[in-house]
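Novice: A predicted structure for the sequence below; I have some questions about it.
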Amino acid sequence: MKVLNVDHIGIAVPNLQEALKFYEEVLGLKCEGVEEVAEQKVRVAFLPVGDSEIELLESTDPEGPVAKFIESRGPGIQHIALRVDDIEKALAELKEKGIRLIDEKPRYGAGGAKIAFIHPKATNGVLLEISQREKK
Ligand SMILES: C[C@@H](C(=O)O)C(=O)SCCNC(=O)CCNC(=O)[C@H](O)C(C)(C)COP(=O)(O)OP(=O)(O)OC[C@H]1O[C@@H](n2cnc3c(N)ncnc32)[C@H](O)[C@@H]1OP(=O)(O)O
Ligand SMILES: [Co+2]
């Protein structure tokens, strides 16, 4: 598999609008749009930083992964996403190596990206997303 860059860093926040005040007004980053990803029970805001982005994640459901994360650990970095050139190939390779996957097949993430998660137990404690999308 080929990892191209850190696509984004996912930060779980209790309130998107409140969090945006810091990232936009204080840090001067620009939010490139807010989108709801129903399948993941989140509303997300993307803020580009160089060739990566910050993804702010607000839960839309108390049973969703981001709500559960905030409940057990508080707000903070929930996942790191690595961009790959071919997600199907990457997943096949990870599976073949016996790596514990959360998603064996790609799902659709924000902006129509193909995404899949690797379990934190397989990565030394970091929830890793792999993502394939067209370069902006
Ligand atoms: C919109 C999209 C996009 O970018 O396009 C997104 O990013 S969606 C982003 C939101 N979607 C997701 O996160 C989907 C994938 N996530 C999941 O399926 C879940 O959140 C899991 C990662 C499986 C965790 O689920 P759950 O909390 O029910 O499991 P659990 O309580 O049994 O936790 C198992 C162990 O993993 C640890 N653990 C749980 N969440 C973690 C996280 N985010 N980072 C690092 N470690 C984590 C727990 O502390 C526990 O460790 P100990 O056993 O040592 O106590
Ligand atoms: Co993400």
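Specialist: The structure has been received and is ready for your questions. Ligands and ions are numbered 1, 2, ... in the order given.
Novice: all contacts plus neighbour counts: C-alpha atoms, from now on.
Specialist: Fine.
Novice: in the host helix or strand of residue 72, what's buried?
Specialist: Using DSSP states H and E, residue 72 maps to helix 65-73. Of the residues in helix 65-73, 65, 66, 67, 69, 70 count as buried by neighbour count, 16 or more other Cα atoms under 10 Å.
Novice: next one: phi and psi at the residue in the chain positioned nearest to ligand 1?
Specialist: Going by Cα to the nearest ligand atom, ligand 1 is nearest to residue 109 of the chain, at 3.4 Å. Dihedral pair for residue 109: phi -110, psi -160, per degrees, to the nearest 10.
Novice: do residue 95 as well
Specialist: According to degrees, to the nearest 10, residue 95 has phi -60, psi -40.
Novice: I'd like to know the phi and psi angles of residue 32, please.
Specialist: Torsion angles, degrees, to the nearest 10, at residue 32: phi -100, psi 30.
Novice: what's the burial count for it?
Specialist: If you count neighbours by other Cα atoms under 10 Å, residue 32 ends up with 11.
Novice: Now do the same for it: its pLDDT.
Specialist: For residue 32, the pLDDT comes out at 94.
Novice: wait, it sits on residue 49?
Specialist: No - Residue 32 is beyond contact range of residue 49, at 11.2 Å (criterion: Cα atoms under 8 Å).
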